[in-house]
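>>> fold the following for me, if possible:
(2 chains)
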Amino acid sequence: MLKPLALLFSLTVGTAAFAGDLRTPLADPMQSGMWTYHQKELLGDPERIGFDARVIVSAPDNAEDTVNVPLLVDATQLDDVEEILIFADYGPIPHILTYYPGSAEPKIALRFKIDQATAIRASVRTSDGAWHVGSTYVDAAGGGCTAASHAYASDDWEQKLGNIHGKVWADSGRARLIVDHPMDTGLADGIPVFIIQSLDISDVEGAQLARLELHEPVNEDPAFTLYFPPASTPDALRISGRDNNGNVIDGLITVAGYNG
Amino acid sequence: MITRRHALCLIGSGAASLPGLSHAQARLTYELTPKPVAQGVWMIEGSTDYFTMENGGAIVNCVLLQGDSGLIVVDTGPSLRFGEALHRLARTLDIRGVSEVVNTHHHPDHFFGNQVFAGQPIRALGETIGLAQAEGDGFADNMYRLLGDWMRGTEVTPPRNVIEGGDTTIDGRALTILPLSGHTGADMAILDQSTGILIAGDLVFFNRAPTTPSADLAQWQSSLGTLAALRPAAVLPGHGPLDPSGDAIRQTSAYLDWLADTLTRSAENGLDMIEVMQSPLPKRFAAMGAQPQEFQRSVSHLFPDVELSVLPRGN
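Sure thing, here's the model as predicted:
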């Protein structure tokens, strides 16, 4: 049996990592108490990691609507980006989204639910295995993650479930898509987790171009902008995915006047 | 925009300037000045900034009207302390103090001083009473967060007495009550019959960006049309200076038009909310008080619905 002091020590180690435990300790520009924990648990304590000003994370200073906080992550100054992992330091469920940009630009706009004032991170992994981390800070009144979705109080959400709204703009190299889904976090009393887990972005021939992995904090009716090099922006993108109840999501977003 | 971190810095620097009294802090007080507008009408003019730790939320215009038995207060400010300051001020103008209170709408900067006047009738449109009851506590959470100690002791005290539209008399003063909407679900404007002054509440802003957390822009524009048709002697807006020229109504209408148009065009071009927020404002609107914060807040309030109405279905 552990002595009380040893027990206390082991509990502390179990809940928060010390910078000294890490293979590459960093000085967090946000000075957030949770950074080292996430560096270890969410990013897997990588050897090659650093804060990098080339990863630009933009959000409002203050979350006006705690269930719809806009966020823009731009890692286009980095080459060979394979993965963008976005999380909130202080959130009951920190992990918001992972984006695999594939042949799209390493840049994404999204909205998420925020539960309290927190640092927001975008950790970008390049093909050499190195992680480049950008941060911003959002102040918030709180409660975004623990509130029931609007769909929970409406009677037509089932008719709307999986509806896709969107469009492609080839000249500016962007695609905007919204998928109707409650995205229930499981943290509101008596409402189980109900979320889209993944969305694949493909061309009309079925070749995968990019992939989104969604977690609970993504906003209700998830809304994304994906960016492509204007010269190689497809005229049409197939959006396909599934939620954790097995519902299939499938649709096609296109440039204006697309006729297949 | 003030954040909690800034707030802590302010508190920290305040404490540092009082050597030996690091635990003590001067009591926060509002300096309110009554500005005579017309016979028996005074305006207490608010700052055109957003809520800050410096202004204590005194960003709203309140009005005092001379009644037969005291003063009629239109809108009571953001906090208990503001209401107390308003009460003290009223007694310097009429020793009998405040006889009646009217709230133009349910936003917190317009009714959180009500607590001080709980012994008097507090009148509002019926829907405003319901909205203040439903949303008051949520507003209070946010106001305490933004204003800290300025809010000390403030308890949400919604208006209680329903006022109907049309010509009426309150404490002997002849008023025309206009039950409108658009800034919120229920917005009251008041025409003071003897002076021709229109107390417009937040249907009209002047040289201060309009706020949209509860707005329906089309409805708002229609209400502005109703107000312009009254041809008032002067417009006393909810935020910003008194306007004898009619410019305040035109400016509010032009801004709301531009806002609706900008959001629609941005959605049609596939912009994301952050990109819209970062787009530069035209000079005539950039100079308004509380910009660009209010524009950015409006993007949060309005863009998701605008975007859904513009984007085609993909399945």
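>>> return the residues of chain B in contact with chain A.
B:1, B:3-5, B:141-142, B:145, B:213, B:269-275, B:277-278, B:296-297, B:300-301, B:304, B:307-308, B:311-315 (C-beta under 8 Å from any C-beta of the partner chain). Where C-beta positions appear, they are placed from N, C-alpha and C, glycine not excepted.
>>> list buried residues within these.
B:1, B:3, B:145, B:213, B:269-275, B:277, B:296-297, B:300-301, B:304, B:307, B:311, B:314 (16 or more other C-beta atoms under 10 Å in any protein chain shown).
>>> I'd like the distance between the closest residue to A:S127 other than its chain neighbours and A:P234.
Leaving aside its chain neighbours, A:S127 sits nearest to A:D80 (4.0 Å; criterion: C-beta to C-beta, 6 or more residues apart in numbering or on different chains). To A:P234, A:D80 is 21 Å away according to C-beta to C-beta, to the nearest Å.
>>> would you map the helices across chain A?
For chain A, the helices defined by DSSP state H occupy A:4-15, A:35-41, A:150-153, A:157-160.
>>> is the third one up against chain B anywhere?
No. Looking at helix A:150-153 against chain B by C-beta under 8 Å from any C-beta, there are no contacts, and the closest approach is 11.0 Å.
>>> what pLDDT, on average, does that helix get?
For helix A:150-153, mean pLDDT is 71.
>>> residues in contact with A:A153?
Contacts for A:A153 (C-beta atoms under 8 Å, 6 or more residues apart in numbering or on different chains) come out as none.
>>> which regions of the chain lie under the pLDDT threshold?
Just so you know, I chose chain A. A:1-19, A:142-146, A:151 (pLDDT under 70).
>>> that was the other one, I meant chain B.
Those would be B:1-26, if you go by pLDDT under 70 across chain B.
>>> give me the subset of the residues of chain B next to chain A that lies in helices.
B:4-5, B:141-142, B:145, B:273-275, B:277-278, B:296-297, B:300-301, B:304, B:307-308.
>>> now B:P312, nearest residue through space, not along the chain?
For B:P312, the spatially nearest residue (C-beta to C-beta, 6+ apart) is A:K167, at 6.1 Å.
>>> what about residue 115, how many neighbours?
Answering for chain A, as no chain was given. 23 (other C-beta atoms under 10 Å in any protein chain shown).
>>> try chain B instead
B:Q115 has 18 nearby residues by other C-beta under 10 Å.
>>> now it. Its backbone dihedrals?
phi -50, psi -40 (degrees, to the nearest 10).
>>> the one 4 residues further on now?
With angles defined as degrees, to the nearest 10, B:G119 sits at phi -80, psi -10.
>>> off-centre distance for stretch B:291-311?
20 Å (C-alpha atoms, centre = their mean, to the nearest Å).
>>> so A:D80 and A:P234 - more neighbours on which side?
A direct count of neighbours by other C-beta under 10 Å for A:D80 and A:P234 places A:P234 higher, at 21 against 9.
>>> ok, the residue nearest to that one when sequence neighbours are not counted to chain B distance?
The shortest distance from A:P234 to any non-neighbouring residue, by C-beta to C-beta, 6+ apart, is to A:D203 (5.0 Å). According to C-beta to the nearest C-beta, to the nearest Å, A:D203 stands 15 Å off from chain B.
>>> over to A:A147?
For A:A147 relative to chain B (C-beta to the nearest C-beta), the value is 11 Å.
>>> isn't the residue nearest to A:P234 up against A:I239?
No. Between A:D203 and A:I239 there is no contact under C-beta atoms under 8 Å: 11.5 Å.
>>> looking at the two, which one has more neighbours?
More neighbours surround A:I239 than the other of A:D203 and A:I239, with 23 against 14 (other C-beta under 10 Å).
>>> so what's that one bridging to?
A:I201, A:G251 (DSSP bridges).
>>> verify the stated contact: it with A:T254.
No. Shown here, A:I239 and A:T254 do not form a contact pair, counting by C-beta under 8 Å, at 11.0 Å.
>>> any common contacting residues for the two?
What both A:I239 and A:T254 touch, as defined by C-beta under 8 Å, 6+ apart, is the set B:G314.
>>> and the residue of the stretch 101-250 of chain B found nearest chain A, how far from B:D49?
Distances between the stretch 101-250 of chain B and chain A by C-beta to the nearest C-beta are smallest at B:N142, namely 5.1 Å. From B:N142 across to B:D49, the span is 17 Å (C-beta to C-beta).
>>> equivalent analysis for B:I163, please.
B:I163 is 31 Å from B:D49, by C-beta to C-beta.
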